[in-house]
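Visitor: The following block contains a protein sequence and its predicted model.
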Amino acid sequence: MKLIPDITDEKLISLYKQMWLIRLFDEKLEQFFAEGSMHGTTHLTVGQEATAVGACAVLRDEDKITSTHRGHGHSIAKGARVDKMMAEMFGKITGYCKGKGGSMHIADLERGNLGANGIVGGGIPLAVGSALTAQMKELDYVTVCFFGDGATNEGSFHEAVNMASIWDLPVVFFCENNHYGMSSPVSELVNIEHIANRAGAYGIPGVIIDGNDMIEVVNATYQATERALRGEGPTLIEAKTYRWKGHSKSDAMTYRTRKEEEAWRAKDPIIRLEKVLVEEGIFTKEKAIAVRQEAYQEIEDAVEFAKNSPMPPVDELRTDVYA
Amino acid sequence: MKLIPDITDEKLISLYKQMWLIRLFDEKLEQFFAEGSMHGTTHLTVGQEATAVGACAVLRDEDKITSTHRGHGHSIAKGARVDKMMAEMFGKITGYCKGKGGSMHIADLERGNLGANGIVGGGIPLAVGSALTAQMKELDYVTVCFFGDGATNEGSFHEAVNMASIWDLPVVFFCENNHYGMSSPVSELVNIEHIANRAGAYGIPGVIIDGNDMIEVVNATYQATERALRGEGPTLIEAKTYRWKGHSKSDAMTYRTRKEEEAWRAKDPIIRLEKVLVEEGIFTKEKAIAVRQEAYQEIEDAVEFAKNSPMPPVDELRTDVYA
Amino acid sequence: MRELTYLEAVREAMSQEMRKNDDVFLMGEDIGVYGGGFGVTKGMVEEFGDKRIRNTPISEAAIAGVAVGSALTGMRPIIELQFSDFITIAMDQLVNQAAKIRYMYGGKGKVPLVLRTPSGSGTGAAAQHSQSLEAWVAHIPGLKVVQPSTAYDVKGLLKTAIDDDNPVIFYEHKLLYKQKGEVPEEPYSIPFGKADIKRKGTDVTIVATAMMVHKALEAADQLEKEGIHVEVVDPRTLIPLDEKTIIESVIRTRHLIVVHEAVKRGGIGGEIASMVAESEAFHHLAAPIKRLGGAAVPIPFNEELEKAAVPQVVDIVEAVREVLVGGMVVR
Amino acid sequence: MRELTYLEAVREAMSQEMRKNDDVFLMGEDIGVYGGGFGVTKGMVEEFGDKRIRNTPISEAAIAGVAVGSALTGMRPIIELQFSDFITIAMDQLVNQAAKIRYMYGGKGKVPLVLRTPSGSGTGAAAQHSQSLEAWVAHIPGLKVVQPSTAYDVKGLLKTAIDDDNPVIFYEHKLLYKQKGEVPEEPYSIPFGKADIKRKGTDVTIVATAMMVHKALEAADQLEKEGIHVEVVDPRTLIPLDEKTIIESVIRTRHLIVVHEAVKRGGIGGEIASMVAESEAFHHLAAPIKRLGGAAVPIPFNEELEKAAVPQVVDIVEAVREVLVGGMVVR
Ligand SMILES: Cc1ncc(C[n+]2csc(CCOP(=O)(O)OP(=O)(O)O)c2C)c(N)n1
Ligand SMILES: Cc1ncc(C[n+]2csc(CCOP(=O)(O)OP(=O)(O)O)c2C)c(N)n1
Ligand SMILES: [Mg+2]
Ligand SMILES: [Mg+2]
C-alpha cells in the first residue's frame, strides 16, 4: 500500500466503515423497493464504493463536491448522516430535503455536498461555478465533480470542462466509469478507449485509475486536488469500476452478461481494502467484522429514525420556492 | 502545386472566379451597410475565401453542406446564384428565402446547401443528421459541416461529433479557425494550440491546414470526403485563416491590432491562388484580370436584379410556417 | 375489441409505420435491448435492428439536432426523450431549427420529425423528472403539439404525427402507460385539431388534457350522482387547437373549466380560457371561466405533497360546484 | 434631471452594484473590450478588470450552469446572453437547476443570479435573433421575470434583481437601448411586483409590456384626440405579477386589452387576461378582454413583414375602438 497523502490508521478504518455504510444503505433501499414500500426510484452505488470514499477521503469540510443521480455514496463519503438520508428516502420532514427532494436531490451544503442531480451532466457546470467562487474569493477549497461515463457525452461536460481549463479553476473532474449508462456500454457510445483521453481536448491532465482500488483513488484524487489548490487548474480522473445492481429500481440487465457481473463482483472494492488493511496490520479480521457490524447497526438505526419520523405537513408544498 | 483530386484547368479558373465573387459580394454588402441602405446585419467572409471554395471544390451537387452566420462564401462556393443571394439580402421575394430569411438563413437545398445558421454551432448536428440519412438510405453523398473556432466550445459540437464518430457517418467537420469569435481570441477560450486536437476526444483524425491556401484546402477536404465516402467516418479539419473585416456590421475591432490585420492581409488567399495559377501556366495575368472583371460584373448585375425585384406581399407573413 | 395498454398502442403505431416505410426510424437513449426508460420500445430492436432503433449517447441536443438534419434530408425520425424535462437541453434544436427552418428558407425544406416523451408527475421522480412543459412548445410557431389521453387516441394520433411533414412534439403521460383501452389492430389516423368529447354533458364544459381527462371523467361520475351533467372535452392536440368544438361546447353548457397538470401560471389554460373569452362564447358564459392547474412549485418527492401539487378529482368537483353556484348567483 | 439611455442605465446599475459588492460579477460572451453584443458593458472591463467582467467561450449552457454554481456558493453573478433566443441552450441549467435547487433541497441554499438578455424584433436579425420568450420562464416556479420599458425602470429594477436572492430573468429590449429618460444618479430600487401606471385614463386599460408600453402610449396619444382616455399599465415584472394594480385599473375602466410582442398563442397575455377574468374585475367588464400579440410565425427578415409580425400602434388603436364599441353594443 503506497498512500501518498498522510492518512492515519484510524481514518483508514473509518473509510472502510464508510464503504460498508454505503453498501448497506443501498442494499437496504433495494430491499424496500423490492417490497414496494418506497416511493419513487433510486440508483444504487453497490460495487462502486471505492470511488466515492477514496475521492472524498482527501477532502475537508470546506471542500465541495457535486454529485449525481447515483449519489448516496458521495453523500455518505462527504460526511452526510445516514439517518437524515434514509429519512429523505422515505419522504420525511427530517430528511435532508424535508422529503421534497428524494434520492436524486440529497444535498448537504454544510458538509460541502452541493447536491445530487437528476440531470445527467447537470452538476458539472455547477462544480465549475463552485470552483470559480473559490478562485474569485480566494478561498482555499477544491471542488470535486462526480459524473458517470455516460455524462461525458453531454454538451454540459464539454462546455464546463473547457471553461474550467481556460480559467485554471480549482476543480477535479471525477468520472466514475462503470462501463454503462443506463444500459448502453460506453464502448458503443464513445469511440476512444479511455474517457480520460478527452482531457486532451481541453489541455488538462487525464488520469486513468482502478476505481475499485480505494488506495489508488485516494492517491490520484490527492494529486489532482493538490494541483488544483496550487492554482494549476483541473484534472480529469477516470476511475474504472462497475455497478453490481441494475441501473435503477427496475432493470432486467439484458444488456450485459451474468459472467461479466461475476467477474466484477470478484473485484469487490470493500474486500479488497479489507485485505490490504489486514495485510498492513492496520486492523485485524475481527476488527473488520466489528466495524462492519457497526455500520450495519447505523443503517438499522437510520431506518428506525426514518420510519418514526413524521411526514411533512401539506403546507410544506408551497414553502421554499423562493428565498 | 500538388493537387490530389483531378481538377481541370477550367475548374481551377472557375474556383478563382468564385473567390472573387465571394469577396466582391461581401464588399458590396459592406458598402450598403455603411450607407445604411440595408436592413439587418451581416457577417463578411472577406479574407476567408479559400476555405469555402477549396472545400466545396471537391463536392458534387448531391453532396451537402451546412453553413454558418458567416455563410455567403459557402453558398457561392456550393453553387448558389449571387443574384438570388443579393435579392435575399434586400429582403426581396426573388431571394433564396423570399426575403424571409436574410443573410443568416440563405439555403439552397437544390444545390445541397442545407442552410446558413444564426445559432453558433447550430448547424453541426444538422450536418450529422444529413450524414445519417446518407448512411441509412445508402446514398452516395458526403456532408461538409462548416463552423468557426468559437463554435467548438458549444455543447452541440461535442455531442454531434461524438455521434458521427461512433456511427462512422460520412461527414467532414470543417473548422474555419479565423482566430476570433466575435471578439475573443481563440487562444483565450481554448487551452490547446490547435482545434484539430479535439479530434482525439472522439477517435477521429484531426488535420491542420493553411486555410488561406486553396490548394491545401482542396487536398485535405478531398482526403476527408473520400474517407467519409468509404465508410470510414468523419474527419475534423482545422483551417487557419483570418477575417479581414469586423465581426458584423458594427465592430470597432478594439480586440486586435492593425499590425496583425496587415500581416494577414499580406496572406490574401486570392492573390495567392492567382500566383500559383499563373506560375503553373493555368492562366495568364491578363486572363486573371478578365475573370475578376467577370465576377465584378456578375455582382453588379446581382445588385441590379435585387434592386429591381419586388418586395414580398404582406400576406407572405403567414405562409410557410407549416409544410 | 382487442385491448392494448397505452404503452403498447404507442409501440404498435411506431412498428406499423416502420414496417411500411423505411424512412421511419427511432433514435433515443437506451431504446435498444433495454426498451427505453419506460419500456415503450421493448422488442423493437429485435424486429427492426439497431440501425433503425438507434441507441444514442446521452446527448439530447444532438439527438434532436441530428433528427432535424435527417428529416430535412428525407428521413422521418421519431426521437424519444426519456423524460420530457430533458427537452430543456434540446430546445435550441427544436425551437430555433426544427420549427423555423421551413419559414426561414422561404417555404423550402420540411422537417418531418416526431419527438415522443413522457411527461407528468405521480411517480415520485421529483422536480427534475415530473414536469409538464407543453405550454412552451405550444407557444412556438412551426411546432405541433399532441397530448393523447387514451390508448385509442395515442395510436391514431401517433400515426398522424409520423405522417405529418412538420415537427411534432408528442407528449405521453407516464401514468397512462399501463392504462388499457380498445385499440383496433389495423393502422388508423386521428386528425390533428379535432377535439374529442370524452363525455357528453349539459351543465358545464371541462376542457382537460392528458391525465386530467381521466380525473375530469371521475369528477363527472361523482357529479352525475348529484344531477350535474359535465361535458368533458379533450383537445388531444394543443397545436392545432380545435377551437370550434370547445367554443360550441361552452355555448351549450355556459360554463367552462380548464384543467391541466402543468403549472397554472403561464400554462396553456390561459390560452384556452382567453380564446373562449374572445369568442362568441363569451356572451353565453353564465360564470367566470375557471382554470385549474399545478401549484406554482417544483414537483416535490413526497407522495402526498406530490399529489397536492397537481389538480385532483376533488379539486375538479369543487371547481364545478363553485362555477355553477357562482354562475347562478351573480349573473 | 440627468438623462441616460436605457443602455447606460443598465450599465450604471451594474457598475454601482459592482463597486459596492465584490460578490457581484459579470459573465458573458464578448463582454470585455468589445462591450457585449449591444455595447452594454462597454468600458466595464477597464474599470473592473477581466476577472469580474468575464469573457466566456460561446457556451451558453455552461455560462448559465457556472453562474448557478457560483451563486450557490456565495457569488452574485450577472450573466449576459447576447440574444434572448440563446436561452434555448441554457434552459436546463435555468429551469432544472437554478429554479429548483432551493426547493429540492428543502429550503437550503439560494441562487442569486441575474440573467440579462436582449429580446424582441425590429432590427432585421430574423427568426433566430428576434424572439420574445418570456412566457417560458414565467411558467417556471422558482424564477422571477422582469421586463423593464424605460431607462428609469431598468436601473431600479436591475438593482432589485441583483439584490434578490433568487434567479431573475431580466429582459432588455433591443429597440429600447437607445431610448433616453431621466435617471437619478444615486442607486435606487424599484420593488418587484409593483406595476407602474404609465398613463392614467378612464375608458380602457391597456396592460402592455416592454416595447409595447411605448406603442400603447402612442396609441393613447392618438386616441386622446378622439376623447378616449386610455390607461396604460406596465407590469414591469411578470413574476411576481402585480395583480392588484391591474385588477383595480380594470374595475375602473371596465375594459381590458393586453398587448405584448411575443406570439399571442401561448403568450403571457393569456395568463393576464385569465387572471383578470377570474378576479372580481370580471363582473365589471363591459366587453370581452382583448389580447394583442405577435402573429404565429417566426420573425421574418424583410422589414415590412417584420413589422407586420408584431402589434403596431394602429393595431392597438383599432383594438381600443373595437373593445369600446363592442362593449357599448353588446352589454
Ligand atoms: C439529461 C439526462 N438525460 C437522460 C437521463 C436519464 N438517465 C439517468 S441515469 C442515465 C445513465 C447515466 O449514465 P452514467 O453517466 O454513466 O452514470 P451511471 O448511471 O452509470 O452512474 C440516464 C440516461 C437523465 N437523468 N438526464
Ligand atoms: C448560440 C449562439 N451564441 C452566440 C451567438 C452570437 N455570435 C454570433 S457569431 C459569434 C462568434 C462566432 O465565432 P466563430 O464560431 O469563431 O465564427 P466566426 O464568426 O469567427 O466566423 C457569436 C458569439 C450566436 N449567434 N449563437
Ligand atoms: Mg455509467
Ligand atoms: Mg472565428
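Guide: Arrived safely. Ligands and ions are numbered 1, 2, ... in the order given.

Visitor: What's the local residue count around the closest residue to ligand 3 within chain A?
Guide: Minimum separation of chain A from ligand 3 (CB to the ion) falls at A:Gly148, amounting to 3.6 Å. C-beta coordinates here come from the backbone N, C-alpha and C atoms, glycine included. Residues near A:Gly148, counting by other CB atoms under 10 Å in any protein chain shown, number 25.

Visitor: And it, how far from ligand 1?
Guide: A:Gly148 is 2 Å from ligand 1, where distance means CB to the nearest ligand atom, to the nearest Å.

Visitor: how far away is the closest residue to that residue other than its chain neighbours from A:His74?
Guide: Among residues not flanking A:Gly148 along the chain, A:Glu176 sits closest, at 5.6 Å (CB to CB, 6 or more residues apart in numbering or on different chains). Applying CB to CB, to the nearest Å, the value for A:Glu176 to A:His74 is 9 Å.

Visitor: Okay, and the beta partners of the residue nearest to A:Gly148?
Guide: Counting by DSSP bridges, A:Glu176 is bridged to A:Gly148, A:Ala239.

Visitor: Give me the most central residue, the chain.
Guide: Chain wasn't specified; assuming chain A. With distances taken as CA atoms, centre = their mean, A:His74 lies nearest the centre of chain A, 3.0 Å away.

Visitor: Under the pLDDT cut-off, which ranges of the chain? List them.
Guide: Just so you know, I chose chain A. In the prediction, chain A carries no residues with pLDDT under 70.

Visitor: You answered for a different chain; I wanted chain C.
Guide: Segments of chain C classed as low confidence (criterion: pLDDT under 70) are C:326-331.

Visitor: doesn't A:Asn212 fall inside a strand?
Guide: No - with DSSP: H, G, I helix; E, B strand; the rest coil as the criterion, A:Asn212 is assigned coil and is not in a strand.

Visitor: you'd agree it is up against A:Arg272?
Guide: Yes - counting by CB atoms under 8 Å, A:Arg272 is a contact partner of A:Asn212 at 6.3 Å.

Visitor: mind checking the longest helix of chain C?
Guide: In chain C, assigned by DSSP state H, the helix with the most residues is helix C:313-330.

Visitor: Touching that helix from outside, list them.
Guide: With contact meaning CB atoms under 8 Å, 6 or more residues apart in numbering or on different chains, helix C:313-330 is reached by C:203-204, C:206, C:212, C:215-216, C:218-219, C:222-223, C:228, C:230, C:254-257, C:259, C:286-288, C:290, C:292, D:283.

Visitor: And stretch C:32-43, by the same measure?
Guide: For stretch C:32-43, contacts defined as CB under 8 Å, 6+ apart pick out A:182-184, A:251, A:254-255, C:7, C:10-11, C:14, C:26, C:28-31, C:44-45, C:50, C:53, C:55, C:80, C:82-83, C:116, C:118, C:172, C:174, C:177.

Visitor: Any idea how far apart the tips of stretch A:102-111 sit?
Guide: With CA to CA, to the nearest Å as the measure, stretch A:102-111 spans 18 Å from end to end.

Visitor: quick one: buried residues of it?
Guide: Using 16 or more other CB atoms under 10 Å in any protein chain shown as the test for burial, stretch A:102-111 gives A:102-108, A:111.

Visitor: And for stretch A:57-66?
Guide: Here stretch A:57-66 shows A:57-59, A:63-66 as buried, counting by 16+ other CB under 10 Å.

Visitor: Tell me who's in contact with the closest residue to ligand 4 within chain C.
Guide: In chain C, the residue that lies nearest ligand 4 is C:Asp92 (19.5 Å; CB to the ion). C:Asp92 is in contact with B:119, B:122, B:156, C:61, D:86, D:88-89, counting by CB under 8 Å, 6+ apart.

Visitor: Quick check: the two most widely separated of those residues?
Guide: C:Ala61 and D:Phe86 (12.9 Å; CB to CB).

Visitor: neighbour-wise, which of these two wins?
Guide: Between C:Ala61 and D:Phe86, counted using other CB under 10 Å, C:Ala61 has the larger neighbour count: 32 against 24.

Visitor: surely the more buried one meets B:His158?
Guide: No - under the criterion of CB under 8 Å, C:Ala61 is not in contact with B:His158, lying 9.1 Å apart.

Visitor: you'd agree A:Val207 is in a strand?
Guide: Yes - using three-state DSSP, the secondary structure at A:Val207 is a strand.

Visitor: quick one, what contacts it?
Guide: Contacts of A:Val207 (CB under 8 Å, 6+ apart): A:196, A:220, A:223-224, A:235-238.

Visitor: Mind putting these into CSV with secondary structure, distance to B:Val190 and neighbour count?
Guide: As requested, these are exported to CSV (DSSP: H, G, I helix; E, B strand; the rest coil; distance: CB to CB, whole Å; neighbours: other CB atoms under 10 Å in any protein chain shown):
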residue, secondary structure, distance to B:Val190, neighbour count
A:Ala196, helix, 19, 23
A:Ala220, helix, 26, 26
A:Gln223, helix, 25, 18
A:Ala224, helix, 21, 27
A:Thr235, strand, 18, 23
A:Leu236, strand, 16, 28
A:Ile237, strand, 22, 28
A:Glu238, strand, 22, 24
